[in-house]
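Chemist: What shape does this take:
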Amino acid sequence: MTACGTLPKATVEPESAIATAARLPGAIEFRLVGPEGGALDEPDPVAGELHLDEAVRRAVTSDPGLQAALARVRVAMAEADQARLLPNPVLSVVFRTGGGSPQIEASFVQEFVQALQRPTRASAADNRLRAVASDAVVVALDVISDVQESYVDAQSSAALVPIFDERLRLLERLVSTARARLDAGEGTRGDVVTLDAQRVELLVSIDRTRLDERTSRLRLARLIGQPSSEASWTLDPWGSPASRQQSEREWTDAALLSRPEIQSIAWRLRALGDDEGLLRLLPWEGAGVGIDAQRDGEWQLGPSLSAPLPIFDDGSARRARNVAEQLEARHELTLTKRRVVEEVRVAYQSLAASAANLGRIRGELIPLQQQRRQLAEDAYRAGQTDVTPLLLAEQDLRIAQLQAVEVEAQAARALVRLQRAVGGPGVAERLASASSPGGPIRLASGSNPLLPHQP
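Modeler: Numbering: from 1, shown residues only. A predicted model of the protein is given here:
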């Protein structure tokens with residue numbers, strides 16, 4: 001009676017979980033596409049400005065890899081529904097003719113062992129469904145992280161180009177000054193060659209930076225579903241991430257609770273535990289009860305029982321395999337937890353180190369270079385030196401500004417990886433707004449769309 005009853009179904013909502021992780025206002029949609037797949041470019045092109053939140057939203061709602069993961073969730077749902085069905089009864093009819101009157105045999109058999117296993121099979125299928133749903137959230141987190149890093153790369157490269165251009169103008173002025181001094185007999189050709197070499201090296205750096213920006217924009221275009229677009233959007237203004245972070249321990253604890261990779265293995269372990277319960281009746285699978293009827297002149301009717309004899313296969317091999325699979329999953333769970341802790345700690349330490357370096361550059365190095373430039377300018381205006389020390393001081397100031405942008409980009413990437421390590425921007429936002437903040441990580445003043453503004 002219990003085996004034939006209605007079994008409750010597992011409820012999974014990966015679309016809502018993904019929306020929560022990505023900080024979207026509503027659940028994403030599972031798309032139906034034709035036999036040739038979806039369109040190469042999304043029908044709603046992005047033009048003008050492209051904010052980070054909009055880029056994340058478009059990527060999460062249109063990424064084909066994520067849609068394939070959601071399709072696998074539908075496959076697991078169908079398998080869970082299949083596990084709840086009773087096995088079909090078997091009707092067998094035999095008709096014999098020959099000497100004497102015709103003989104008719106009929107049997108109606110229902111396998112009962114599979115019916116007894118039905119609740120456990122449904123539980124195992126539900127747990128595998130939950131594991132697949134967690135895997136879909138993993139895919140979404142990877143998509144979000146890719147979009148954020150590509151956006152940061154494009155922003156930082158675009159911020160570096162004007163500083164490189166200013167350095168190039170300064171170097172060209174230095175080259176002109178060195179050549180004028182050489183023509184006047186006051187300089188050396190070595191100075192001219194050295195400055196020319198620096199100018200060429202700077203041109204190479206400028207071209208590489210512009211290529212990096214273009215590559216990041218094209219990758220971002222593919223991620224948001226517009227691989228054929230010009231990728232000429234106006235991005236958010238570049239700035240440092242400014243936020244008060246929790247302690248490393250709090251980030252680690254939140255990651256161990258929220259990471260879908262850990263949840264997926266935990267659900268798979270539960271499914272393997274259900275499989276272990278199914279193996280208890282394994283030798284008797286195929287056993288059935290029914291009714292047999294035979295007509296040889298008159299009808300004869302009676303119950304029947306059929307069962308396999310566990311002579312050659314007693315199920316020990318499959319039980320051993322189940323034990324090994326459970327041990328494998330347990331070791332994978334331990335390995336995944338350790339990797340999660342490592343990812344959180346590495347990203348946290350990287351963010352802390354970037355914050356310290358950025359504070360040092362903005363609080364000490366840039367003011368010192370500005371002071372040096374002012375002293376060189378005062379000496380030049382007083383006629384004590386020529387323009388070369390002033391240009392060199394100006395160039396070193398630009399180099400310090402370049403270092404600040406590069407460290408800001410390192411901090412932004414570390415923040416992206418920290419959010420990924422903890423389980424997504426949604427988890428990071430809840431943790432950042434907790435009422436018991438831990439040790440602060442203070443970055444230089446500025447804004448970054450990766451984190452909400454906080455006091």
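
Chemist: give the contact list for Ala158.
Modeler: By C-beta atoms under 8 Å, 6 or more residues apart in numbering, the contact set of Ala158 is 213, 235, 238. Any C-beta I mention is one placed from the backbone N, CA and C, and that applies to glycine too.

Chemist: Of those residues, which is the nearest to Gly277?
Modeler: Leu235 (54.8 Å; C-beta to C-beta).

Chemist: ok, longest helix in the protein?
Modeler: helix 113-183 (DSSP state H).

Chemist: And the next helix or strand past it?
Modeler: The helix or strand immediately downstream of helix 113-183 is helix 189-223, counting by DSSP states H and E.

Chemist: Tell me the gap between that next one and the middle of its chain.
Modeler: 31 Å (C-alpha atoms, centre = their mean, to the nearest Å).

Chemist: Equivalent analysis for stretch 185-198, please.
Modeler: With C-alpha atoms, centre = their mean, you get 51 Å for stretch 185-198.

Chemist: about what we covered before: just the angle for the longest helix of the chain relative to helix 189-223, thanks.
Modeler: Relative orientation of helix 113-183 versus helix 189-223 (axes from the mean of the first three to the mean of the last three C-alpha atoms, to 10 degrees): 150 degrees.

Chemist: Now render the contacts of Ala158 as TSV, adding pLDDT, distance to Pro43 and neighbour count.
Modeler: What follows is those, written out as TSV (pLDDT from 0 to 100; distance: C-beta to C-beta, whole Å; neighbours: other C-beta atoms under 10 Å):
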residue	pLDDT	distance to Pro43	neighbour count
Glu213	93	27	21
Leu235	91	23	21
Trp238	82	31	20
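
Chemist: Which residues are in contact with the residue nearest to Val416 when sequence neighbours are not counted?
Modeler: Excluding the flanking residues, the one nearest Val416 by C-beta to C-beta, 6 or more residues apart in numbering is Gln148, at 4.3 Å. With contact set as C-beta under 8 Å, 6+ apart, Gln148 has these partners: 52, 56, 416, 419, 450.

Chemist: farthest pair in these?
Modeler: Greatest spatial distance among the contacts of Gln148 (C-beta to C-beta): Leu52 and Gln419, at 12.2 Å.

Chemist: Can you give me the distance of the residue nearest to Val416 to Val289?
Modeler: Gln148 is 61 Å from Val289, where distance means C-beta to C-beta, to the nearest Å.

Chemist: do Ala379 as well
Modeler: 106 Å.

Chemist: try Val427
Modeler: With C-beta to C-beta as the criterion, Val427 and Val289 are 53 Å apart.

Chemist: who's more crowded, these two?
Modeler: Neighbour count, other C-beta atoms under 10 Å: between Val427 and Val289, Val427 has more, with 23 against 14.

Chemist: My reading is that the more buried one is in a strand; is that accurate?
Modeler: No - the assignment for Val427 (DSSP: H, G, I helix; E, B strand; the rest coil) gives helix, which keeps it out of a strand.

Chemist: Hmm, Ala254 and it touching each other?
Modeler: Yes - contact criterion C-beta atoms under 8 Å: Val427 and Ala254 qualify, at 6.1 Å.

Chemist: Residue ranges in the stretch 51-200 of the chain under the pLDDT threshold?
Modeler: Within the stretch 51-200 of the chain, the segments meeting pLDDT under 70 span 99-100.

Chemist: how about Gly239, secondary structure?
Modeler: On the three-state scheme (three-state DSSP), Gly239 is labelled coil.

Chemist: pLDDT at it, what is it?
Modeler: Per-residue pLDDT puts Gly239 at 74.

Chemist: roughly how far apart are the residue nearest to the spatial centre of the chain and Ser16?
Modeler: Nearest to the mean C-alpha position of the chain, by C-alpha atoms, centre = their mean, lies Asp142 at 1.5 Å. According to C-beta to C-beta, Asp142 and Ser16 sit 18 Å apart.

Chemist: before we move on, what about Ser101?
Modeler: 68 Å.

Chemist: ditto for Glu54
Modeler: Separation of Glu54 from Ser16 (C-beta to C-beta): 20 Å.

Chemist: Next, count neighbours for Gly302.
Modeler: Neighbours around Gly302, by other C-beta under 10 Å: 8.

Chemist: Tell me which other helices or strands the host helix or strand of it touches.
Modeler: Element membership of Gly302 [criterion: DSSP H and E] is strand 298-306. Counting contacts by 3 or more C-beta pairs under 8 Å, 6 or more residues apart in numbering; DSSP states H and E, strand 298-306 packs against strand 103-111, strand 288-296.

Chemist: next one: it to chain centre, how far?
Modeler: The answer for strand 298-306 is 61 Å, by C-alpha atoms, centre = their mean.

Chemist: which SS state does Gln395 fall under?
Modeler: helix.

Chemist: who's in contact with Arg199?
Modeler: 168, 171-172, 175.

Chemist: cutoff 6 Å now
Modeler: By C-beta atoms under 6 Å, 6 or more residues apart in numbering, the residues touching Arg199 are Leu171.

Chemist: And for Glu79?
Modeler: Going by C-beta under 6 Å, 6+ apart, Glu79 touches Ala125.

Chemist: go again using 10 Å as the cut-off
Modeler: 121, 124-126, 128-129, 132 (C-beta atoms under 10 Å, 6 or more residues apart in numbering).

Chemist: likewise Leu402?
Modeler: Each residue near Leu402 by C-beta under 10 Å, 6+ apart is listed here: 159-160, 163-164, 166-167, 205, 209.

Chemist: ok and the helix or strand containing Glu250 relative to helix 113-183, angle-wise?
Modeler: Using DSSP H and E, the element containing Glu250 is helix 248-258. Helix 248-258 runs at 140 degrees relative to helix 113-183, counting by the same axes, to 10 degrees.

Chemist: about what we covered before: anything in contact with each of Val427 and Ala254?
Modeler: Ala421.

Chemist: so Ser145 sits right up against Gly423, yeah?
Modeler: No - between Ser145 and Gly423 there is no contact under C-beta atoms under 10 Å: 11.3 Å.

Chemist: more crowded one of these two?
Modeler: The residue with more neighbours, out of Ser145 and Gly423, is Gly423; 28 against 19, by other C-beta under 10 Å.
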